[in-house]
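Chemist: after the sequence you'll find the predicted model.
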Amino acid sequence: MTILQLSLLLFISGGLIHNAAAAAPADSFFSTTSDADKQPFTTWLLTDNASLYDHTTFLSTTADPTKGMATFWKITDDTFHVAFATMATGWAAFGIAEAGGMFGADVVSFTTANPTVLVDGYILDDRQVRVDTSQDWTLISSVVEDGWIIVEATRKLDTGDTQDNTLKNDKELWGAPSRIIAAWGDTESMSYHGDNRSSSSVRLFADPSSSSSESEALLDMLEKHSDGYFDVVNDAFEIPAQETKYKYLCKSSDELKEQFGGDKTDITMIGATPIITEKTRQFVHHFIVMAVPSCNTQLGGGENAFKREQIYGWAPGEHGMILPDNVGFPMFDSEFNQAILIEIHYNNPKRISGMEDSSGVRFHYTSTKREYDAAILQVGDPMLGLYGVAINDGLTRHEFTCGGTCSSLFLDEPVTVLSEKLHMHKTGTRMVNEVFRGGEVFHTAKVEVFDFDQQGGFQPQQDAYQLQAGDSFRTTCYYKDGTVFKTGSQEEMCIGFMLYYPAKKFAGFPFVCPYPGRFPCAEEYVSTDLSDYEGLGREFGTPGKIQLSNDTLFSFPQPPVTNIEPPSPSNSNTDEKMPTSAHVTSTQATENPTSTSNAGQATDNPTSKAESAKVHCLFVIALSSAAFHTYKTATMHQQILETRRKLNRPHFSTFSSLRAELGETEMEIAFQTWQMIVL
């Protein structure tokens with residue numbers, strides 16, 4: 001995942017900025033361009049302009065790595081200073097991208113026809129570059145000479161403008177980097193760029209004495225802090241000529257020990273990096289890496305799903321992960337993690353045959369146990385409980401709510417969330433993961449304009465925060481002309497991944513809240529048809545309704561998305577597309593598209609006495625079953641009733657109180673018994 005520390009070691013030698021990690025001076029950019037043709041850029045470097053900046057990177061094109069845009073930047077107080085240089089005669093644009101592509105990007109453009117003006121713009125998911133209502137960039141200087149454009153500009157880190165992306169501190173290496181994009185051309189005004197485009201992930205706030213390439217910085221840090229690595233990769237697996245294929249690759253600790261030394265009985269994973277076969281990169285959709293008891297562990301749902309604990313995940317656009325120096329994933333130290341299972345999803349829509357793949361994961365480890373064990377909490381629909389449920393046409397909202405009973409059972413102390421990943425597929429357009437505390441939103445992670453082709457698992461930029469017992473979750477996915485909930489890339493998912501520490505389990509089960517789930521970690525689900533784009537609830541792009549008018553700078557050649565009309569009554573019958581299960585609610589949005597049933601509202605307190613009684617009775621059944629086996633039926637029943645009377649509070653507090661009064665052993669027996677009854 002993209003949780004890498006990036007920075008650049010800069011120094012001035014002969015007036016040129018160098019990247020010490022890569023030993024590449026800035027004058028080596030545009031390496032196939034002759035000295036004569038590169039003279040305007042070289043002159044700009046030698047006149048001490050470059051020395052004003054702390055960092056530099058070369059945004060190369062995919063078609064030709066020697067062509068692209070040289071970018072320089074520094075941050076002082078609340079201001080972002082940037083310079084960008086490229087070979088073009090007409091225009092150049094630089095952007096702060098949400099996911100790494102143009103969707104959700106905040107861009108500034110310069111044209112040689114109007115060299116004293118910068119235009120502040122933004123892009124949603126209809127490929128139109130629109131002019132911001134507030135122009136927040138300041139042009140410092142520009143050079144237009146002999147086929148070169150060189151621009152220097154400044155902007156506030158946080159402009160307070162909803163049509164700008166805020167530049168957030170990305171220094172912590174386990175957090176998300178900043179994503180920047182560039183495009184340029186020779187036409188008089190901004191037009192389709194063709195191959196003249198580039199993008200990169202960087203650490204804008206990195207120390208000037210650090211490294212610049214995202215992947216290089218990650219590998220440098222892993223090499224510095226790890227004792228070694230081992231690989232779990234495919235052995236020339238032939239990708240089937242079918243649209244979707246899930247391949248399960250498993251290695252036991254005995255098979256892997258020869259890679260890290262047979263005398264080691266357990267190790268701690270501190271990071272992981274993807275190994276992708278370049279020839280088959282286009283087919284590799286994602287990895288999910290799990291620790292399992294053995295390679296004989298059965299797949300599927302039910303109890304087996306809780307025997308697989310996720311420790312890593314990868315999707316296109318991500319370079320790997322590294323954990324803080326006091327956190328790690330223990331490996332091979334218990335009966336539950338004696339093997340590594342990798343689920344590899346291949347996407348082959350053209351059904352191409354004869355492609356062999358050797359992709360996999362490199363695990364970086366230390367022999368020294370770290371202070372805290374890491375874990376990944378999954379919310380939304382991680383076990384695909386909605387498998388086969390159709391998504392209505394038009395814009396739709398799908399909410400999964402996990403009540404406070406779940407966190408109260410698992411959390412006997414606060415835990416720290418380091419990062420989050422938001423996962424949807426092709427028709428996803430926006431996603432939000434919220435934490436509620438005391439009935440109020442405590443934390444929000446979101447992607448305003450989801451772009452699956454850039455980041456199938458989007459990692460928001462955010463600070464670490466703590467979860468507490470009683471916290472509840474609401475995971476909301478928005479789709480545009482959706483398809484059906486299934487496993488393929490052309491189908492849909494809605495999963496939130498929360499990397500946290502210290503790891504928490506109960507009765508051997510990991511902290512997870514799936515739909516439809518099992519009491520007490522059972523989610524509620526509600527879907528809503530939206531009548532227009534305002535129902536998406538986007539903050540980025542505009543404070544009001546999007547106007548497709550003369551504020552458009554340029555529309556890219558692919559057809560823009562048209563306004564979606566509200567579904568007609570004849571098409572609003574959900575019986576054909578939604579199951580009749582009581583777990584699912586479908587609501588037709590009218591004048592207020594955000595209005596749904598109460599099932600979609602995440603609250604800590606149940607609003608119904610009947611619901612509270614139901615929850616309590618279910619747990620009584622579990623405890624009664626456990627008590628039968630321990631010959632303490634009457635005593636435990638009495639304890640439950642007395643605890644209930646003492647609390648006289650919402651049911652989510654019952655679990656922590658019962659744990660204190662009944663003890664861990666009997667609570668675990670109760671939970672295990674309940675699992676056997678329900679599963």
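Modeler: Thanks, I have the structure now.
Chemist: quick one: low-confidence ranges for the stretch 351-500 of the chain?
Modeler: 455-456 (pLDDT under 70).
Chemist: try the chain
Modeler: 1-25, 209-214, 261-265, 297-307, 316-317, 455-456, 518-519, 542-679.
Chemist: can you give me the helices for it?
Modeler: 39-46, 214-225, 253-260, 404-410, 609-630, 633-647, 652-662, 664-678 (DSSP state H).
Chemist: first to last residue in stretch 475-491, what's the distance?
Modeler: 18 Å (CA to CA, to the nearest Å).
Chemist: how far away from the center of its chain is that stretch?
Modeler: What separates the centre of stretch 475-491 from the centre of its chain is 16 Å, taken as CA atoms, centre = their mean, to the nearest Å.
Chemist: now that stretch: buried residues?
Modeler: 475-480, 482-483, 485-486, 488-489, 491 (16 or more other CB atoms under 10 Å). (Each C-beta comes from the backbone N, C-alpha and C, glycine too.)
Chemist: narrow those residues to those in strands?
Modeler: 475-480 (DSSP state E).
Chemist: quickly check the buried residues of stretch 475-491 for the two that are furthest apart.
Modeler: Thr476 and Gly488 (22.1 Å; CB to CB).
Chemist: before we move on, the earlier item: would you mind giving the buried residues of stretch 475-491 as a markdown table with distance to Asn196 added?
Modeler: Output for the buried residues of stretch 475-491, formatted as a markdown table (distance: CB to CB, whole Å):
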| residue | distance to Asn196 |
| --- | --- |
| Thr475 | 38 |
| Thr476 | 37 |
| Cys477 | 34 |
| Tyr478 | 32 |
| Tyr479 | 32 |
| Lys480 | 29 |
| Gly482 | 34 |
| Thr483 | 34 |
| Phe485 | 39 |
| Lys486 | 38 |
| Gly488 | 33 |
| Ser489 | 28 |
| Glu491 | 34 |
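Chemist: what is the nearest of those residues to Ala113?
Modeler: Nearest member of these to Ala113, counting by CB to CB, is Lys480, at 35.9 Å.
Chemist: what's across from that closest one in the sheet?
Modeler: Counting by DSSP bridges, Lys480 is bridged to Leu395.
Chemist: tally of neighbours for Asp77?
Modeler: 6 (other CB atoms under 10 Å).
Chemist: ok, it to Thr401 distance?
Modeler: Distance, Asp77 to Thr401, using CB to CB, to the nearest Å: 41 Å.
Chemist: cool, and Leu536?
Modeler: Distance from Leu536 to Thr401, by CB to CB: 19 Å.
Chemist: which of these two has more neighbours?
Modeler: Thr401 (25 against 21).
Chemist: does the more buried one touch Glu524 like I think?
Modeler: Yes: between Thr401 and Glu524 there is a contact at 4.6 Å, judged by CB atoms under 8 Å.
Chemist: so Lys446 makes contact with Asn433?
Modeler: Yes: counting by CB under 8 Å, Lys446 does reach Asn433; the two are 7.1 Å apart.
Chemist: okay, these two: which has more neighbours?
Modeler: Between Lys446 and Asn433, counted using other CB under 10 Å, the more crowded position is Asn433 (26 against 21).
Chemist: surely the more buried one meets Phe497?
Modeler: No: taking contacts as CB under 8 Å, Asn433 lies outside contact range of Phe497: 9.2 Å.
Chemist: what's the overlap in contacts for the two?
Modeler: 420, 422 (CB atoms under 8 Å, 6 or more residues apart in numbering).
Chemist: once you drop chain neighbours, what's closest to Ala93?
Modeler: Spatial nearest neighbour of Ala93, excluding adjacent residues (CB to CB, 6 or more residues apart in numbering): Ser109 at 4.1 Å.
Chemist: ok, now Met383?
Modeler: In this structure, Met383 finds its nearest non-sequential neighbour in Pro514, 4.4 Å apart by CB to CB, 6+ apart.
Chemist: got a list of what that neighbour touches?
Modeler: Residues near Pro514 by CB under 8 Å, 6+ apart: 305, 378, 381-383, 385, 521, 523.
Chemist: now the residues you listed in a markdown table, with neighbour count and distance to Thr57?
Modeler: Below are those laid out as a markdown table (neighbours: other CB atoms under 10 Å; distance: CB to CB, whole Å):
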| residue | neighbour count | distance to Thr57 |
| --- | --- | --- |
| Ala305 | 18 | 42 |
| Gln378 | 21 | 34 |
| Asp381 | 27 | 38 |
| Pro382 | 26 | 36 |
| Met383 | 19 | 40 |
| Gly385 | 20 | 43 |
| Cys521 | 20 | 44 |
| Glu523 | 26 | 42 |
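Chemist: quick check, nearest of those to Arg130?
Modeler: Among the contacts of Pro514, and counting by CB to CB, the member closest to Arg130 is Asp381, at 33.7 Å.
Chemist: ok, so what distance separates that closest one from Thr401?
Modeler: 12 Å.
Chemist: who touches both of these two?
Modeler: 523, 525.
Chemist: between the buried residues of stretch 475-491, which sits nearest Thr42?
Modeler: Once CB to CB is applied, the member of the buried residues of stretch 475-491 that ends up nearest Thr42 is Ser489, at 45.5 Å.
Chemist: any idea how far that closest one is from Lys279?
Modeler: From Ser489 to Lys279 the distance is 19 Å (CB to CB).
Chemist: got it, and Leu467?
Modeler: Distance from Leu467 to Lys279, by CB to CB: 42 Å.
Chemist: which one of these two has more residues nearby?
Modeler: Leu467 (23 against 11).
Chemist: before we move on, the earlier item: shared neighbours, Lys446 and Asn433?
Modeler: Leu422.
Chemist: tell me the contacts of Lys369?
Modeler: Contacts of Lys369 by CB under 8 Å, 6+ apart are 266, 268, 328, 330.
Chemist: can you pick out the most distant pair from the residues you listed?
Modeler: Asp266 and Gly328 (11.1 Å).
Chemist: the two - which one has more neighbours?
Modeler: Neighbour comparison, Asp266 and Gly328: the larger count goes to Gly328, with 23 against 14 (by other CB under 10 Å).
Chemist: what residues are up against that one?
Modeler: 268-270, 366, 369-370, 372-374.
Chemist: now, which of these sits nearest Val417?
Modeler: Looking at the contacts of Gly328 and their distance to Val417, the nearest is Ala374, at 10.8 Å (CB to CB).
Chemist: ok, the nearest residue to Asp325 once chain neighbours are set aside - contacts?
Modeler: Nearest non-adjacent residue to Asp325, counting by CB to CB, 6+ apart: His225, 6.4 Å away. For His225, the contact set (CB under 8 Å, 6+ apart) comprises 270, 322, 325, 366.
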